[in-house]
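Colleague: Only the shape, not the letters, is given here:
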Ligand SMILES: NC(=O)c1ccc[n+]([C@@H]2O[C@H](COP(=O)([O-])OP(=O)(O)OC[C@H]3O[C@@H](n4cnc5c(N)ncnc54)[C@H](O)[C@@H]3O)[C@@H](O)[C@H]2O)c1
Ligand SMILES: [Zn+2]
Ligand SMILES: [Zn+2]
C-alpha cells in the first residue's frame, strides 16, 4: 500500500505557486514563487479567488506567538474553485467552489479527530501556514495569499454554489471561531449577551447572535463603530474607554464572547456575567502573560465559567458555512489587491477596517 502511494506521488509533479510573502520579520510582503506538493489521490488543487486577512495572520507574520518561519505566506480564510482532483476524490469535482480554513491536516486516528474536532488533535493539528505536515509531504505549509492550494478533500469545505465567494472567505476562520462557542454555550433567543472586540470576528459574532434572537451588547475601544453595531442589530454599544458607559453592567450577561487581540484585564467582563454565565475567550493577545482570570472569587461567587475556544472542527465548519449562506450571514468586507497587504495590516492593527479585508487573489500576477 505504502509503496503504491509513494509511486503515485513520485509520478506526479509538484505544483508551482505564486504568493505574497514576508521574507523576514520586518520586510514588506513581496511576490514569492514556491511549490506545493503534487496532488495526491485524495487531494484537490484549488485555484484561489479570495483570501481574508485575519488578525492571527498579523500576530504570526510578526512572530508574536512563537518564532515564525520565513518566507511566510499568510492566509487561512481561503475561497476558490477546484481545478484538479486526485483519482480517489469523491466530495469534489472540477469547477466546484471550495474553501480552506486554518486546519489542513491532523492524525485522523485520535478520539478528537474521529469526533470531528480536528483542531484538538492529540498529535497536533496542521495549520494552513508555517508548519511542517508530518502526515503528508513534510513541507512547511504556506497560506492562502497565493494563487493555489493543494489539500486533502477531507479538510476542504464545500462552498454552496449560490454563495457570494468574496464574502465567504472570512467565514472559514472568523465565522467558525465565533459560531462554535455560541453553539457550545447554547445561546438562545432572548438571552442577554455581549461581544467584546467588534472587529473581523466580533462583527460576525454579533450577526450570529442577533440571528438567534439574543439581545446583544458590543464592547470596543473606538467611537467609529457605534453606528455599525446598531445597524447589525446590537441593542447597546459600549466604548469601554468611557468609564460612565460601563457603570451598572455588573451581573447582566449570560454569555460574553471576547475576541480582543491585545492584552487586557478580563475581570471587567467576568464581573458582568450573571449567575452561571460564561465568558468564552477566542482573542489571542500577543503575549503569554494574558490573564484569563484575575480574581478567582468573582468566579466562585456566581458559578461563572471562563473557557477558551479554538476555531472549530471540519464538520462544524461545514455546518457553519451552510447555515451562514442559507441565512445570508456574511462578513462586511473591503476588497483589496495583493500589493495592499502591508497597508491593510497597519489598518487592522489601528482598528480601522470595517470589518474584514479580503484580497482579490486575481490581482496577483504570475
Ligand atoms: N481562537 C481562535 O481560534 C482564533 C481564530 C481567529 C482569530 N483569533 C484571534 O482573535 C483576535 C481577533 O481577531 P480579529 O481578526 O477579529 O481582529 P480585528 O483586529 O479585526 O478586531 C479586533 C477588535 O478588537 C478591538 N479591541 C482592541 N482592543 C480592545 C480592548 N481592550 N477592548 C475591547 N475591544 C478591543 C479592536 O478595536 C477591533 O475592533 C486575534 O487575537 C486573533 O488572533 C483567534
Ligand atoms: Zn483566523
Ligand atoms: Zn488526531
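Modeller: Done, it's in. No experiment lies behind these values; they were computed from the predicted model shown. Ligands and ions are numbered 1, 2, ... in the order given.

Colleague: Touching, residue 193 and residue 219? I think so.
Modeller: No: if you go by C-beta atoms under 8 Å, residue 193 and residue 219 don't touch, sitting 11.5 Å apart. Using the backbone N, CA and C atoms, a C-beta is placed for each residue, glycine as well.

Colleague: what touches both of those two?
Modeller: Common neighbours of residue 193 and residue 219, using C-beta atoms under 8 Å, 6 or more residues apart in numbering, do not exist here.

Colleague: need the residues of the protein near ligand 2, please.
Modeller: The chain comes close to ligand 2 at residues 54, 56, 173, as judged by C-beta under 5 Å from the ion.

Colleague: now do 8 Å
Modeller: Within the chain, the residues that sit near ligand 2 (C-beta under 8 Å from the ion) are 52, 54-57, 76-77, 101-102, 173-174, 177, 200-201, 311.

Colleague: Could you identify the most distant pair in those?
Modeller: Greatest spacing in those, by C-beta to C-beta: 55 and 101 (14.8 Å).

Colleague: tell me the domain boundaries of this protein?
Modeller: 15-172+312-321+332-365, 174-308 (automatic domain parsing).

Colleague: Columns mean pLDDT and mean neighbour count on top of those domains, output as a markdown table?
Modeller: Below are the domains of the chain laid out as a markdown table (pLDDT from 0 to 100; neighbours: other C-beta atoms under 10 Å):
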| stretch | mean pLDDT | mean neighbour count |
| --- | --- | --- |
| domain 15-172+312-321+332-365 | 96 | 20 |
| domain 174-308 | 94 | 19 |
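
Colleague: Quick one: closest of these to ligand 1.
Modeller: domain 174-308 (1.7 Å; C-beta to the nearest ligand atom).

Colleague: Can the closest one be said to contact ligand 1?
Modeller: Yes: using C-beta under 6 Å from any ligand atom, domain 174-308 comes into contact with ligand 1 via 177, 196-202, 219-222, 240, 259-262, 264, 282-284.

Colleague: Which stretches in the stretch 51-200 of the chain count as helices?
Modeller: Using DSSP state H, counting those that start in this stretch, the helices found in the stretch 51-200 of the chain span residues 55-61, 111-114, 165-168, 174-184, 200-212.

Colleague: Do a quick rundown of the strands in the stretch 251-366 of the chain.
Modeller: Here the stretch 251-366 of the chain has its strands, by DSSP state E, counting those that start in this stretch, at 253-258, 273-281, 305-308, 333-336, 356-360.

Colleague: and the last one, what does it pack onto?
Modeller: So that's strand 356-360. On a contact count with 3 or more C-beta pairs under 8 Å, 6 or more residues apart in numbering; DSSP states H and E, strand 356-360 meets strand 43-52, helix 165-168, strand 333-336, helix 341-349.

Colleague: now do 7 Å
Modeller: Packing partners of strand 356-360 (3 or more C-beta pairs under 7 Å, 6 or more residues apart in numbering; DSSP states H and E): strand 43-52, strand 333-336, helix 341-349.

Colleague: so the first one versus helix 200-212, what angle?
Modeller: So the one you mean is strand 43-52. Per axes from the mean of the first three to the mean of the last three C-alpha atoms, to 10 degrees, the angle that strand 43-52 makes with helix 200-212 is 90 degrees.

Colleague: which neighbours does strand 43-52 have in its sheet, and in what orientation?
Modeller: Strand 43-52 has the following strand partners under DSSP bridges: strand 78-85 (antiparallel), strand 148-152 (antiparallel), strand 356-360 (antiparallel).

Colleague: Same list, those strands, but as JSON lines with distance to ligand 1 please.
Modeller: Compiled in JSON lines, the strands paired with strand 43-52 are given as follows (distance: least, C-beta to the nearest ligand atom, whole Å):
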{"stretch": "strand 78-85", "distance to ligand 1": "14"}
{"stretch": "strand 148-152", "distance to ligand 1": "19"}
{"stretch": "strand 356-360", "distance to ligand 1": "7"}
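
Colleague: Format those strands as TSV; extra columns: distance to residue 227.
Modeller: As requested, these are exported to TSV (distance: least, C-beta to C-beta, whole Å):
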stretch	distance to residue 227
strand 78-85	28
strand 148-152	37
strand 356-360	18
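
Colleague: how close does the residue in the stretch 251-366 of the chain positioned nearest to ligand 3 sit to residue 363?
Modeller: Closest residue of the stretch 251-366 of the chain to ligand 3, C-beta to the ion: residue 313 (10.6 Å). Distance, residue 313 to residue 363, by C-beta to C-beta, to the nearest Å: 32 Å.

Colleague: likewise residue 21?
Modeller: Taking C-beta to C-beta as the measure, residue 21 falls 16 Å from residue 363.

Colleague: same check, this time on residue 111
Modeller: Residue 111 sits at a distance of 43 Å from residue 363 (criterion: C-beta to C-beta).

Colleague: List the contacts of stretch 347-364.
Modeller: Residues outside stretch 347-364 that contact it (C-beta atoms under 7 Å, 6 or more residues apart in numbering) are 18, 20, 48-53, 55, 58, 145, 147, 166, 169-170, 174, 199-200, 203, 222, 228, 331-338, 341, 344.
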